[in-house]
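Visitor: only the shape, not the letters, is given here:
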């Protein structure tokens with residue numbers, strides 16, 4: 001795994017992100033705004049796994065790229081689901 005970077009919700013995404021991931025990030029941020037969620041202190045974390053970006057939001061939302069199609073997929077956290085630290 002290669003480390004990436006962090007950036008604030010609403011901030012500029014790293015230039016190295018492919019367009020489908022940037023679009024997925026924008027979609028998630030739009031949905032949060034429409035729902036009235038105060039995500040002003042939230043941050044995105046970018047890491048690279050097998051040369052593909054994995055982007056995670058502080059609330060547990062994860063965006064991954066499909067290795068075959070190159071499409072970005074948003075995986076929202078499920079209530080009651082344990083994370084790796086639990």
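Guide: Here it is on my side, so go on. Note that this is a predicted model, so its numbers are computed, not measured. Residues are numbered from 1 along each chain as shown.
Visitor: got the contact list for residue 72?
Guide: By C-beta atoms under 8 Å, 6 or more residues apart in numbering, residue 72 lies in contact with 18, 20-21, 23-24, 63-66. (Each C-beta comes from the backbone N, C-alpha and C, glycine too.)
Visitor: swap the cut-off to 6 Å and go again
Guide: For residue 72, the contact set (C-beta atoms under 6 Å, 6 or more residues apart in numbering) comprises 20-21, 24, 63, 65.
Visitor: pull out the buried residues from those.
Guide: 20-21, 24, 63, 65 (16 or more other C-beta atoms under 10 Å).
Visitor: the helix or strand of the chain with the lowest mean pLDDT: partners in the sheet, and parallel or antiparallel?
Guide: Counting by mean pLDDT, DSSP states H and E, the chain has its least confident helix or strand at strand 2-8, which shows a mean of 83. In the sheet containing strand 2-8, its partner strands are strand 43-49 (antiparallel), by DSSP bridges.
Visitor: please state the offset of the partner strand from the chain centre?
Guide: Remark: strand 43-49 is offset 7 Å from the chain centroid, using C-alpha atoms, centre = their mean, to the nearest Å.
Visitor: same check on stretch 42-62?
Guide: Stretch 42-62 sits 5 Å away from the centroid of its parent chain (C-alpha atoms, centre = their mean).
Visitor: pull out the buried residues from that stretch.
Guide: For stretch 42-62, burial by neighbour count (16+ other C-beta under 10 Å) applies to 42, 44, 46, 53-57, 61.
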